[in-house]
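Trainee: Sequence first, then the predicted structure, then my questions.
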Amino acid sequence: MPKICIIGNSHLGALALSETGMKGFAEAGYDVVYWGAAGSLFGKIEYSEGQLISPAPARSKIISSGRYGHLPLSDFDVVVFYGMAVTLSNVAAQITNRLKTIEGRSKSFVDAGLAEQISEWWERRLGRALMQDVTDAAPAKKFVFTTDPLVAENPEYLGKIKDTVLLRKALDALYAHCEKWCEERNISFYRQSEATLAGNRITTNFDYNTNSVKMEAGKPHPEDDFVHMNSSYGDIVLADLLTLLEADRPAERAAG
Amino acid sequence: MSHPYSDLPAPAFWRSAVSERNPLETSDLWSPKHALLPTDSVVTFGSCFAQHISRALRRNGFSWLDCEPGASFVSDKLNNRFNYGVFSARTGNIYSAKALLQWVKWSLGHETAPEEVWERNGRYYDPFRPAIEPGGFASPEEMHASRSQTLSAFRRALTESDLFVFTLGLTESWENAQHGYTYATCPGTNAGTFDPQAHVFRNYSYADVHGHLQEALTLLRDVNPDVRILLTVSPVPLTATASGKHVVVSTTYSKSVLRAVAGAVSDTWDSVDYFPSYEIITAPSFRGMFYDPNMRTVSGRGVDFVMSHFIAGISDGATDSASTDASQPAPAEKIAPVETALEAEADVDDIKCEEEILAAFAPN
């Protein structure tokens, strides 16, 4: 039975609470383990000698349903990096508003500025560094990465955006940068499903945000939390991930 | 017996000023006509060597005016690659006095800038600053929009500066045969297509350069009557000459004309000063020590040496002025710390010179 670890932070809740999604994986014969750390603890996870070391092993153990405090990577056939605290909405808004200040400059300059901003941002991501450590240590393993969902549609966020067309361009460039980085490391990149986006295509549909629940405590997120998604969102992500993984399996079997 | 030479100071005599001195201890090369205060807005334009002056001013706490800044949120490297922050507006190198006159006339609305666009491999280049946009512009419209921004910025540089620094670089130029305007480089080198019917070589005479420069400075003073002007001559020899003469002979002609014009204008205009960067690098006492092995480009050490004299000169001037005008802030740390050779060399590597493309056409 292929064993999958889905590593992430508080965003794992949407997946872990998806009964449909989990059922699909079980029926396909996968053993799925969630593991990670919430909030600022996530950035303190380190890789060392084949293991991911949790800064709060007891809490990581709760997330993994009592199975792992620290995470031995050799136990898993597939590692899914879920979110990894790579949140695109805020950086896209920041970059958009910066690019707005050089409107009227040549396209080449604006594009170069956009690329540089993204490159610098990406280099600073702790999640990127962790993924790099893990994939360097176990290059033969199957890896998948997806970013955190875009923020759910809300007036406060949209009010900060000075140009939605430019924001969409920034988001596309951010996704493209992540995807290219993944390709170079043989990581499958999963981009947030268009089906989960709001009509503006720059935020997540609000329906996937309502009644989202905290993974560890099981309590709902506050009403003004627009970043965590609910189990309906988890249903879609897990179904897509299963499709992605199943697409590779016949080849694996044939090779075996 | 008394005569005019009997009471002259040491710098007036070759023996005391040069022969009996370590050349690196040569002093009193320049006493500025006008004080430069840290609050004075300085703009810099001209040939490659002018870029060193803007850097030295910025490093030493003077107010270099950037009228067409790049993006505040991108790296200096990226801004520099797109020629932001190189000169006070994104003109690229202005090698000749005639090119300066054109920029002045276009920016002040005395003439309309030509519509001509150079094309190469589907990208578009500005004939008056062909290397300004790496890889060229996406369309002629984008190129014209960019030039329009630069003309506005250049106009601001003319009208808002307290000190206008211009480095004269070349007398050789290529002009449009029909309309008479000068290009920044020979068509067909950086971009564009050379057409012997449409493009004509000029090697400006003393009278030409003097006329172009005087007209440009007159127009400048018309819109900014209080502006002071500082002229320099680039000590960098020609990369190539189209005059039919040896490049050494052409270089001597070119630099002699430019140096003579700069001297004549600064001697006759109260508002114009001359800084001897040319002499500091080329004087025989320095034995060519400030040139790179190609004997053309100036080494980082040489640039440092020139700039130390420049900063020392304006610092002395500022101190003198501050002592008589208590309302002005005293200059901060004025003397540039001696840079490491490595830093200086790296700076020199960053200097932008469109003209250097010509070296690529030299026979092996």
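Mentor: Everything's here; your move.
Trainee: The residue lying closest to B:Ser47 once chain neighbours are set aside: how many residues sit nearby?
Mentor: With C-beta to C-beta, 6 or more residues apart in numbering or on different chains as the measure, B:Gly169 is the residue that lies nearest to B:Ser47, at 2.6 Å, once sequence neighbours are left out. (C-beta placed from N, C-alpha, C; glycine too.) The local packing of B:Gly169 (other C-beta atoms under 10 Å in any protein chain shown) involves 27 other residues.
Trainee: ok, now B:Met1?
Mentor: B:Met1: 3 neighbours (other C-beta under 10 Å).
Trainee: Repeat that for A:Thr243.
Mentor: Neighbours of A:Thr243 (other C-beta under 10 Å): 12.
Trainee: What mean pLDDT does the host helix or strand of it get?
Mentor: Following DSSP states H and E, one finds A:Thr243 within helix A:231-255. Averaged across helix A:231-255, the pLDDT comes to 83.
Trainee: Mind listing residues that contact it?
Mentor: With contact meaning C-beta atoms under 8 Å, 6 or more residues apart in numbering or on different chains, helix A:231-255 is reached by A:2, A:4, A:13-22, A:24-25, A:28, A:30, A:78, A:80, A:142, A:144, A:146, A:149, A:188, A:190, A:193, A:195-196, A:204, A:207-209, A:213.
Trainee: Please flag which of those residues sit within helices.
Mentor: A:Gly13, A:Ala14, A:Leu15, A:Ala16, A:Glu19, A:Thr20, A:Gly21, A:Met22, A:Gly24, A:Phe25 (DSSP state H).
Trainee: Next, the contact list for the fourth one, please.
Mentor: Translated: A:Ala16. A:Met22, A:Tyr34, A:Ile63, A:Met215, A:Gly234.
Trainee: if we go to 10 Å?
Mentor: Counting by C-beta atoms under 10 Å, 6 or more residues apart in numbering or on different chains, A:Ala16 touches A:6, A:8, A:22, A:32, A:34, A:63-65, A:213, A:215, A:231, A:234, A:238.
Trainee: I'd like to know how far B:Leu217 sits from chain A.
Mentor: 31 Å (C-beta to the nearest C-beta, to the nearest Å).
Trainee: how close does that residue sit to B:Phe49?
Mentor: From B:Leu217 across to B:Phe49, the span is 19 Å (C-beta to C-beta, to the nearest Å).
Trainee: Also B:Met295?
Mentor: In terms of C-beta to C-beta, B:Met295 sits 16 Å off from B:Phe49.
Trainee: quick one, which of those two is more surrounded?
Mentor: B:Phe49 (24 against 9).
Trainee: For the chain, which segments count as strands?
Mentor: Using chain A here. For chain A, strands defined by DSSP state E occupy the ranges A:3-8, A:31-36, A:46-48, A:51-53, A:71-72, A:78-83, A:142-147, A:187-189.
Trainee: let's do chain B instead
Mentor: Counting by DSSP E, the strands of chain B are B:41-46, B:63-64, B:118-120, B:123-125, B:163-168, B:172-176, B:199-203, B:228-233, B:272-274.
Trainee: mind putting these in a markdown table, mean neighbour count included?
Mentor: Formatted as a markdown table, the strands of chain B follow (neighbours: other C-beta atoms under 10 Å in any protein chain shown):
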| stretch | mean neighbour count |
| --- | --- |
| strand B:41-46 | 24 |
| strand B:63-64 | 18 |
| strand B:118-120 | 17 |
| strand B:123-125 | 20 |
| strand B:163-168 | 26 |
| strand B:172-176 | 19 |
| strand B:199-203 | 16 |
| strand B:228-233 | 26 |
| strand B:272-274 | 23 |
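Trainee: and those as JSON lines, adding mean pLDDT and distance to chain A?
Mentor: Converted to JSON lines, the strands of chain B look like this (pLDDT from 0 to 100; distance: least, C-beta to the nearest C-beta, whole Å):
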{"stretch": "strand B:41-46", "mean pLDDT": "97", "distance to chain A": "21"}
{"stretch": "strand B:63-64", "mean pLDDT": "96", "distance to chain A": "21"}
{"stretch": "strand B:118-120", "mean pLDDT": "94", "distance to chain A": "15"}
{"stretch": "strand B:123-125", "mean pLDDT": "97", "distance to chain A": "9"}
{"stretch": "strand B:163-168", "mean pLDDT": "98", "distance to chain A": "25"}
{"stretch": "strand B:172-176", "mean pLDDT": "98", "distance to chain A": "25"}
{"stretch": "strand B:199-203", "mean pLDDT": "98", "distance to chain A": "26"}
{"stretch": "strand B:228-233", "mean pLDDT": "98", "distance to chain A": "30"}
{"stretch": "strand B:272-274", "mean pLDDT": "98", "distance to chain A": "34"}
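Trainee: low pLDDT regions in the stretch 101-250 of chain A?
Mentor: For the stretch 101-250 of chain A, the stretches with pLDDT under 70 are A:216-217, A:250.
Trainee: and it, which residues reach chain B?
Mentor: A:101-102, A:104-110, A:112-117, A:120 (C-beta under 10 Å from any C-beta of the partner chain).
Trainee: List buried residues within the residues you listed.
Mentor: A:Ile102, A:Arg105, A:Ser106, A:Ser108, A:Phe109, A:Val110, A:Ala112, A:Gly113, A:Leu114, A:Glu116, A:Gln117 (16 or more other C-beta atoms under 10 Å in any protein chain shown).
Trainee: Can you tell me which of those residues lies closest to B:Asn203?
Mentor: A:Ser106 (34.1 Å; C-beta to C-beta).
Trainee: Any buried residues in stretch A:140-150, and which?
Mentor: By 16+ other C-beta under 10 Å, the buried positions in stretch A:140-150 come out as A:Lys141, A:Lys142, A:Phe143, A:Val144, A:Phe145, A:Thr146, A:Thr147, A:Asp148, A:Pro149, A:Leu150.
Trainee: For the stretch 151-256 of chain A, which residue gets nearest to chain B?
Mentor: A:Ala170 (13.0 Å; C-beta to the nearest C-beta).
Trainee: contacting residues around that residue?
Mentor: With contacts defined as C-beta under 10 Å, 6+ apart, the neighbours of A:Ala170 are A:88, A:91-99, A:114, A:117-118, A:163, A:202.
Trainee: my read: the residue nearest to B:Ser47 touches B:Asn93, true?
Mentor: Yes - look at B:Gly169 against B:Asn93 with C-beta atoms under 10 Å: they come within range, at 6.9 Å.
Trainee: Overlap in contacts, these two.
Mentor: Shared contacts of B:Gly169 and B:Asn93, counting by C-beta under 10 Å, 6+ apart, come down to B:Gly46, B:Ser47, B:Cys48, B:Phe49, B:Ala50, B:Ala99, B:Ser234, B:Cys353, B:Glu355.
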